[in-house]
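Enquirer: Sequence and computational prediction follow.
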Protein chains: 2
Amino acid sequence: KTEEKGRNWGWLLSGFISLNILLLGIAIVSGSVFNTIQITSAHLQIFLIFLVILTTIWMVYYKIHTSRVYRAVLYKDSHAGPIWLRGGLVLFGVCSVIMDIFKIIYYVGRMHCDSPVKIAFPVVQALFVIVQTYILWVHAKDCVQIQQIITRCGLMLTLSTNLMVWMTAVTEESLHQTVFPADPSYNGSSNGGYKIDVTSQDRAGPSDCKCSHNLCDVFEKAYYYLYPFNIEYSLFASAMAYVMWKNVGRQVDEHHSHSPRFSLWDVLIGPVAGLIVLVAGLATFVVYEVDVSKGDQKKKENALIMHYIMNIVAILLMSITTLIGCIIFRMDKREQVSGKNPTRSLDVGLLVGASLGQFFICYFTIVAVLASGVQGHINGLNLANSILTVIQLCLQNAFLIKGLHREPFKETETSTVFANVMAVRERDPDRRSSSIVPAHTLPIPLTFLRGRLSWKRRILKEICGFLLFCNVILWIMPAFGARPQFDNTVGSDIYVFETWAAIVNIGMPFGIFYRMHSVASLFEVCLTS
Amino acid sequence: KTEEKGRNWGWLLSGFISLNILLLGIAIVSGSVFNTIQITSAHLQIFLIFLVILTTIWMVYYKIHTSRVYRAVLYKDSHAGPIWLRGGLVLFGVCSVIMDIFKIIYYVGRMHCDSPVKIAFPVVQALFVIVQTYILWVHAKDCVQIQQIITRCGLMLTLSTNLMVWMTAVTEESLHQTVFPADPSYNGSSNGGYKIDVTSQDRAGPSDCKCSHNLCDVFEKAYYYLYPFNIEYSLFASAMAYVMWKNVGRQVDEHHSHSPRFSLWDVLIGPVAGLIVLVAGLATFVVYEVDVSKGDQKKKENALIMHYIMNIVAILLMSITTLIGCIIFRMDKREQVSGKNPTRSLDVGLLVGASLGQFFICYFTIVAVLASGVQGHINGLNLANSILTVIQLCLQNAFLIKGLHREPFKETETSTVFANVMAVRERDPDRRSSSIVPAHTLPIPLTFLRGRLSWKRRILKEICGFLLFCNVILWIMPAFGARPQFDNTVGSDIYVFETWAAIVNIGMPFGIFYRMHSVASLFEVCLTS
């Protein structure tokens, strides 16, 4: 009973620590955005350095303590830290470290006119990323049993630090991407146009500061391209820290879940169709980027029309297949997974939460287009695209939530593979009860039996394969710079430009994360169905 | 099993309906704020009228259906819809209807130059408020068993409609209160100054529109004073609809919870001390309002200093008593309430969520004061006040969360009242086990025994009483127009004025709601402890 009490106070205390760090952080970030004189980005970075060092110290302490104390970690949560999450963490971690190195080189060149904090932060961050990646890789599944209050607070500190790093990165990325169109006749384009970086130069120091080596420009461009990876790294680490926090003091019965066999040949039509969409999307994306960057109004409009048609076709196909998938789920009699599983709850929460970003952009677009009185092909296509995207997001969320909550199919799978006659007999109650079919006719070709029995599973797998590739292309296009929201003037005409830019720049990273996360979830649904 | 399936699909479907209504609503509200030409407030009101009528139709259908079908409502959740919530709903509902009547009169006077939608909306809204208050009063405790999917969707529709009405009211109230100080030497004060209504006149129509009867100004002022009640009404109704939604299909074992006896004479010191703080707060508040509205810089500064000192004293006392309360909770061996209870979860969620508003304002103030380099008494007091408020909010949240999760004390209470010797014996295991005390000495004066045994309870009740009155004064001051955040220039100097106004105007209603909600929760904790 005292343990449960401690647990409750631990919850409250760690929650308040996290809340306070985050709110203070938000205030400092807002201050550094709106006021560049009294609250500089150096202040923000000092705050971050402090947080990062504190978290690193705690992680080292945790490692030493849990490895020395007997029975520190009694249980492991088999659902926590799946391989794709840990793999992604390492991949993005490596990219983050490279980004930090580029940043260090860049700021070393500007050392004579910039604050030394600018060099200190990437150094500390690189160290932090290395330590954290190691700790999370090794300990992601832990259900800690000792010193629960301290562990909870430490994990919440880790979570808050990662969220703060994420918030800072998103803000810098937004400021970097946003430039107000000073000239109304200015043909801003997705690659060349509106990415001219005035804000970040203002923030980095006076513009007459010259770099002492001549690689500054290259490294600045390079590290801005690596920002999205750092953003994803922080989100992954936050998710894992949150699951560890949820698992503190939890006592699960360790049942080893067999990782289901995955064969590429189970599915064919779905992935191939998905690949076709992917290739077509890539082709139109390249043409779009080239045409839009030319600045010719006519070409730009054609490029937009092409881009919208491509998107509408892809999303329409996705909606139809997802709907079929939902109907199959509705028909299927399979059990729902019951029982607590923080990883799954978090997965679902992140999925729905991240989809809000795209929902927002779509609804703002719909209202803007309707308010401007749908004129011309582009506006019509834009409207259709937004409405279809809303429908697709709803269907895909429903499909993934249902899919992640289904009991995996593994038991029957293995029995079929072993070709056990009794198992086959048990699996087919109709045959078993009817006395007309003699027992010796049962070992019919198993592949045929399997194909006949699991047509639902096969369709589901095909659907997952198709959706997976479609989500990849919908992720690639915004991630590599397609911003039809800015190339099309309807949004910035109806709302003020700043508002529209804020909506798109905040919503987009969530949209990209949503597509990435969907790919991972679809892969999981594909395996378990 | 099919029921559970239906339940899950109902969850998803109703969730998506609510999500889509809310997002579309947010887009329209933003559009009507940033663009007054293509998206007018008439468009927004047409959307609201549509929602409100749909919800009213559903509620009438629900009433008819559940009263005609046998076994429609098998269970009632005794925790849902407590009397203070339903009473508050009726009170605020009456105020909302009065507000609608005032609005109708006002817009009838402007009928010749304004859209007829402006009259239609309050008419429909008044009807909606009456129907909804009746339905929620009668059906708040229902755990509906039939037509679960339709009921879920209907309840989510009700929730979304109320949230949309709430959002619109908050936006209008914010726009009404915000005026940008055009003249830097302008001494804006909380009552006269910055409330000059330019924005809402811009929105209401051309300013040369004359009212056909001469009561327009009076009614406009009156209905703006009634806005906060309408805002609270929507929040209360949303909360009750949410709890009903959570209870759909739930099967609880109906255990009648005795409402614990409440005697005013149990507690004395706490409420008296609280009343003293309340009266002192009211006095300083009146002086502050009078001095600030005079526009004399010297007087204004003195008023601010007085206001801050009053706040600091009150919050310091509250923090200390809350800390004592938390320590008693920690020492106390009483059981935690286990089991699902949507009302309690919602209570806690709303409490923490609403406190975020004040947290935000405090942290932004702290950062602003620190960035301006704490100069002068006012800034120092402002800083101290903000830091103490943060601490007090954390402590009070912890105290209330702990208090709401404790098992109520009723069993022992009743046994004491009945003066049952066996019960007394059972209550005191030490006496029972020790054979030195003979049985006939047990019926000692019961009042003494009770006083001795429940000193912890008595202190807790005193603390609750004190905190209750303190929260009332902290609720009254902002609710009736104290805005030291604007009278003090540090916030608008560090951040841009628009940002600061947005933070304060969005955070404040939440802060007011938090204090109100705390009062209700403290009352509950006082009863059960």
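Expert: Received the coordinates, thanks.

Enquirer: Any regions of the stretch 201-350 of chain A where pLDDT drops low?
Expert: Across the stretch 201-350 of chain A, residues meeting the criterion (pLDDT under 70) sit at A:201-208, A:252-266, A:333-340.

Enquirer: mind listing the helices in it by residue range?
Expert: For the stretch 201-350 of chain A, applying DSSP state H, counting those that start in this stretch gives helices covering A:216-247, A:269-294, A:297-331, A:342-371.

Enquirer: export the ones you listed to a markdown table and tack on distance to chain B?
Expert: Backbone N, C-alpha and C define where each C-beta goes, glycine included. Compiled in a markdown table, the helices of the stretch 201-350 of chain A are given as follows (distance: least, Cβ to the nearest Cβ, whole Å):
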| stretch | distance to chain B |
| --- | --- |
| helix A:216-247 | 16 |
| helix A:269-294 | 23 |
| helix A:297-331 | 7 |
| helix A:342-371 | 4 |
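
Enquirer: can I get the ones you listed in CSV with mean neighbour count?
Expert: As requested, the helices of the stretch 201-350 of chain A are arranged in CSV below (neighbours: other Cβ atoms under 10 Å in any protein chain shown):
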stretch, mean neighbour count
helix A:216-247, 21
helix A:269-294, 18
helix A:297-331, 18
helix A:342-371, 21
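
Enquirer: Could you dump those into JSON lines with distance to B:Ile37 added?
Expert: Formatted as JSON lines, these follow (distance: least, Cβ to Cβ, whole Å):
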{"stretch": "helix A:216-247", "distance to B:Ile37": "37"}
{"stretch": "helix A:269-294", "distance to B:Ile37": "29"}
{"stretch": "helix A:297-331", "distance to B:Ile37": "25"}
{"stretch": "helix A:342-371", "distance to B:Ile37": "9"}
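
Enquirer: which non-adjacent residue is nearest the residue in the stretch 101-250 of chain A that chain B sits nearest to?
Expert: At 12.1 Å from chain B, A:Ile149 is the closest residue in the stretch 101-250 of chain A, using Cβ to the nearest Cβ. Counting by Cβ to Cβ, 6 or more residues apart in numbering or on different chains, the nearest residue to A:Ile149 once its immediate chain neighbours are dropped is A:Gly10, at 4.0 Å.

Enquirer: correct me, but that neighbour touches A:Val144?
Expert: No - in this structure, A:Gly10 is not within contact of A:Val144 by Cβ atoms under 8 Å, at 10.9 Å.

Enquirer: Overlap in contacts, those two.
Expert: A:Val248 (Cβ atoms under 8 Å, 6 or more residues apart in numbering or on different chains).

Enquirer: These two: which is more packed in?
Expert: Regarding A:Gly10 and A:Val144, a neighbour count based on other Cβ atoms under 10 Å in any protein chain shown identifies A:Val144 as having more, with 25 against 21.

Enquirer: list the contacts for the more buried one?
Expert: With contacts taken as Cβ under 8 Å, 6+ apart, A:Val144 has the following neighbours: A:Thr66, A:Ala72, A:Val73, A:Thr151, A:Met244, A:Asn247, A:Val248, A:Gly249.

Enquirer: Kindly indicate the member of those with the most neighbours.
Expert: Busiest of the contacts of A:Val144 [other Cβ under 10 Å] is A:Met244, holding 27 neighbours.

Enquirer: What helix or strand is the nearest residue to that residue once chain neighbours are set aside located in?
Expert: Distances taken as Cβ to Cβ, 6+ apart put A:Leu155 closest to A:Met244, at 5.3 Å, once the chain neighbours are dropped. Per DSSP states H and E: A:Leu155 is located in helix A:148-177.
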